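Colleague: okay, structure incoming, though there's no sequence with it:
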């Protein structure tokens, strides 16, 4: 069991002043798994992702990746080890073209682990997979919402991650666009990339995830296969109230 | 511009500049050209941090003055030769830049800029109260009796500043075309995303502030010999901060050419204005031109040229 644990979050705690955003959250993600993370607004999902990716320092607990304690590492080192994320609100490198956006992680994060030699070729291949190849030379400042979301995922992929964390890649998209993103995420699994998906769109999480964890007010209140979790009383209370 | 062509042009500029000193004998031209070259260094150095990385530094005068005062102390205490002055002024500027780099950990955007301005004020106050370097009265400097290789000292200073300017532009060119420059651009566009894409943001920012500080310090090193009288008011003059910011903005902040074009245009205009109208008009001139550019060509002349050629092709 321990061998195939890719990410091990142990009693992670994060406070903002007197507010406990995360209270001893513990969860494990296995290698190759499709893991869903859900919970009401403000339940601490994005805070947890920030603690895993390293943009926030934890106030307690450990984050272990591939058996290595990475709690003290800055975000860029974690990306190099194989944790990549997308942002809920797209944060493109706005002065660069779509292709150049991908060349940053390829050069900085994936340089030691990249497959083929040429970064530009690799970037183009990822863009083809994402259906962004027609826009590779467009400056990102002029992209539409869906394309920005796709770019977020494409850029994270260009870091050649072992674990990809998708933070609400589908919020505000139409049903057809949600399906499009889902297809892409399923495709990642085929490439051996473990995916953590944070999402509000239940239909998508339930279809995608093999296992789901539910956060509420900074605590994990349920974990298990999607069918089981949705029928959980505590989860129902968290979403709908008593 | 490719590597070979850039280096050929750089060496060509130095050679032409040196040949000119054999032809023109009017001292005024060297005085004026020195100031313009000095601004090429300052604007280029400012742009490495402000243009490439997106951290706006209002403290150029502090770096410049630290370089100048480092020279002054070394001249007074040890009668050190110019190469030593350049080296030490660069080191002091670099150390100040290093400190500024760690400041970016806590201060971003306009808060960083205010801190750099405050740093300049604090340092100026220190020098005003330091008797050894003359305090607020200032101190005269006697130039060495003879200049090596040149018939007089002003020509020699011009040649020194020419080499420094070309070297500074070469550094900026290298940064722009290397992994460092691409990382800095990512930081400018979005620092958090850059860090999450594997860019060591702190290390690169510290590198940018340090390189920028070294170049500004070196730019100040020959200054005591140029003016032969150094006092805090002129060394810490706000003109340096305003000009080194305005020049890249006018030329264009995304490439090495921008600050060079801006420094040559604005620097020349200021020199002409000083001679023909009045020296007080300088800053007003900068202000008016800067406002015009922010409104009409926010990407600077380089951006304007690109836009026009793109339209021409379409």
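Modeller: That came in fine, so what should we check first? Just so it is clear, the model here is predicted, and its values are computed rather than measured.
Colleague: only C-alpha atoms from now on, for both contacts and neighbour counts.
Modeller: Fine.
Colleague: run through the helices of chain A in chain order.
Modeller: Here chain A has its helices, by DSSP state H, at A:45-53, A:75-81, A:98-108, A:119-130, A:145-158, A:175-190, A:202-208, A:226-230, A:233-240.
Colleague: what's in contact with whichever strand or helix holds residue B:10?
Modeller: Using DSSP states H and E, residue B:10 maps to helix B:3-23. Outside helix B:3-23, the residues that touch it by CA atoms under 8 Å, 6 or more residues apart in numbering or on different chains are B:155, B:159, B:162, B:163, B:166, B:170.
Colleague: between the helices of chain A, which one is closest to residue B:276.
Modeller: Nearest to residue B:276 among these is helix A:98-108; the distance by CA to CA comes to 48.2 Å.
Colleague: now that closest one against helix A:119-130, angle please.
Modeller: 120 degrees (axes from the mean of the first three to the mean of the last three CA atoms, to 10 degrees).
Colleague: show the average pLDDT along helix A:98-108.
Modeller: Helix A:98-108 shows a mean pLDDT of 93.
Colleague: that older thread, adding mean neighbour count and distance to chain B, write the helices of chain A out as CSV.
Modeller: Below are the helices of chain A laid out as CSV (neighbours: other CA atoms under 10 Å in any protein chain shown; distance: least, CA to the nearest CA, whole Å):
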stretch, mean neighbour count, distance to chain B
helix A:45-53, 23, 7
helix A:75-81, 25, 4
helix A:98-108, 26, 5
helix A:119-130, 18, 13
helix A:145-158, 24, 7
helix A:175-190, 15, 18
helix A:202-208, 16, 24
helix A:226-230, 16, 29
helix A:233-240, 14, 31
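Colleague: give me the low-pLDDT residue ranges for the stretch 201-314 of chain B?
Modeller: B:312-314 (pLDDT under 70).
Colleague: going by proximity to chain A, name the top residue of it.
Modeller: For the stretch 201-314 of chain B and chain A, the shortest gap (CA to the nearest CA) falls at residue B:201, measuring 8.0 Å.
Colleague: who's in contact with that residue?
Modeller: Each residue near residue B:201 by CA under 8 Å, 6+ apart is listed here: B:183, B:184, B:187, B:191, B:194, B:195.
Colleague: from residue A:163, how far off is it?
Modeller: Per CA to CA, to the nearest Å, residue B:201 is found 22 Å from residue A:163.
Colleague: work out which residue lies at the spatial centre of the chain.
Modeller: Answering for chain A, as no chain was given. residue A:165 (1.2 Å; CA atoms, centre = their mean).
Colleague: oops, I was thinking of chain B
Modeller: residue B:42 (0.5 Å).
Colleague: element containing that one?
Modeller: helix B:27-47.
Colleague: next helix or strand past that helix?
Modeller: helix B:60-78.
Colleague: now the helix or strand just after that following helix: buried residues?
Modeller: Counting by DSSP H and E, the next helix or strand C-terminal to helix B:60-78 is helix B:82-103. If you call a residue buried by 16 or more other CA atoms under 10 Å in any protein chain shown, then helix B:82-103 has these buried ones: B:82, B:85-98, B:100-101, B:103.
Colleague: does the residue lying closest to residue B:102 once chain neighbours are set aside lie in a helix or a strand, and which?
Modeller: For residue B:102, ignoring the flanking residues on the chain, the nearest one in space by CA to CA, 6 or more residues apart in numbering or on different chains is residue B:206 at 6.6 Å. Taking DSSP H and E as the criterion, residue B:206 maps to helix B:201-220.
Colleague: okay, angle between that helix and helix B:82-103 too, please.
Modeller: Using the same axes, to 10 degrees, helix B:201-220 lies at 150 degrees relative to helix B:82-103.
Colleague: which of the contacts of residue B:201 fall within helices?
Modeller: B:183, B:184, B:187, B:191, B:194, B:195.
Colleague: for the residue in chain B positioned nearest to chain A, phi and psi?
Modeller: Closest approach between chain B and chain A, counting by CA to the nearest CA: residue B:198, at 3.9 Å. With angles defined as degrees, to the nearest 10, residue B:198 sits at phi 100, psi 0.
Colleague: read off the pLDDT value for it.
Modeller: pLDDT, residue B:198: 94.
Colleague: how many residues are close by it?
Modeller: 28 (other CA atoms under 10 Å in any protein chain shown).
Colleague: could you do residue B:150 as well?
Modeller: Residue B:150 has 15 neighbouring residues, counting by other CA under 10 Å.
Colleague: ok, now the one 4 residues further on?
Modeller: When neighbours are counted by other CA under 10 Å, residue B:154 registers 20.
Colleague: helix or strand: which one has it?
Modeller: Under the criterion of DSSP H and E, residue B:154 resides in helix B:153-176.
Colleague: pull the residues that contact that helix.
Modeller: Contacts for helix B:153-176 (CA under 8 Å, 6+ apart): B:7, B:10, B:13-14, B:17-18, B:21, B:27, B:30-31, B:33-34, B:37-38, B:40-41, B:44-45, B:48, B:52, B:143-144, B:146-150, B:181-182, B:215, B:218-219, B:222, B:226, B:255-256, B:260.
Colleague: with stretch B:274-285 instead?
Modeller: The contact list for stretch B:274-285, computed with CA under 8 Å, 6+ apart, reads B:239, B:270, B:273.
Colleague: just the element for the nearest residue to the second one once chain neighbours are set aside, please.
Modeller: The shortest distance from residue B:270 to any non-neighbouring residue, by CA to CA, 6+ apart, is to residue B:282 (5.4 Å). Taking DSSP H and E as the criterion, residue B:282 maps to helix B:281-296.
Colleague: does any bit of the very next helix or strand once past that helix sit next to chain A?
Modeller: Next in sequence after helix B:281-296, counting helices and strands by DSSP H and E, comes helix B:300-313. No. Judged by CA under 8 Å from any CA of the partner chain, helix B:300-313 and chain A are separated, with a smallest distance of 12.5 Å.
Colleague: buried residues in helix B:300-313?
Modeller: B:300, B:301, B:302, B:303, B:304.
Colleague: next one: the residue nearest to the centre of chain A from chain B, what distance?
Modeller: To chain B, residue A:165 is 11 Å away according to CA to the nearest CA, to the nearest Å.
Colleague: from what I can see that residue touches residue A:199, true?
Modeller: No. With contact defined as CA atoms under 8 Å, residue A:165 does not reach residue A:199; the gap is 10.9 Å.
Colleague: quickly list what's touching both of those two.
Modeller: Common contacts of residue A:165 and residue A:199 (CA under 8 Å, 6+ apart): none found.
Colleague: quick one, what contacts the residue nearest to residue B:102?
Modeller: Taking CA under 8 Å, 6+ apart as the test, what residue B:206 contacts is B:97, B:98, B:100, B:101, B:102.
Colleague: those residues into CSV, with extra columns for pLDDT?
Modeller: Shown next, in CSV, are the contacts of residue B:206 (pLDDT from 0 to 100):
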residue, pLDDT
B:97, 96
B:98, 96
B:100, 91
B:101, 91
B:102, 89
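Colleague: the ones in helices among the contacts of residue B:201: which ones sit near chain A?
Modeller: Among the ones in helices among the contacts of residue B:201, chain A is touched by B:183, B:194, B:195 when using CA under 8 Å from any CA.
Colleague: include pLDDT and neighbour count when you put those residues into CSV, please.
Modeller: Below are those laid out as CSV (pLDDT from 0 to 100; neighbours: other CA atoms under 10 Å in any protein chain shown):
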residue, pLDDT, neighbour count
B:183, 96, 29
B:194, 96, 27
B:195, 95, 27
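Colleague: out of those, the closest to residue A:55 would be?
Modeller: Out of these, the member with the shortest distance to residue A:55 (by CA to CA) is residue B:195, at 8.1 Å.
Colleague: report the separation between that closest one and residue A:106.
Modeller: From residue B:195 over to residue A:106 (counting by CA to CA), the distance is 13 Å.
Colleague: one more: residue B:225?
Modeller: 49 Å.
Colleague: same check, this time on residue B:177
Modeller: For residue B:177, the distance to residue A:106 (CA to CA) stands at 17 Å.
Colleague: apart from its neighbours in sequence, what residue is nearest residue 123?
Modeller: No chain specified, so I'll use chain A. residue A:102 (5.9 Å).
Colleague: that's the other chain; I wanted chain B
Modeller: Nearest in space to residue B:123, with sequence neighbours left out and distances taken as CA to CA, 6+ apart, is residue B:62 at 6.8 Å.
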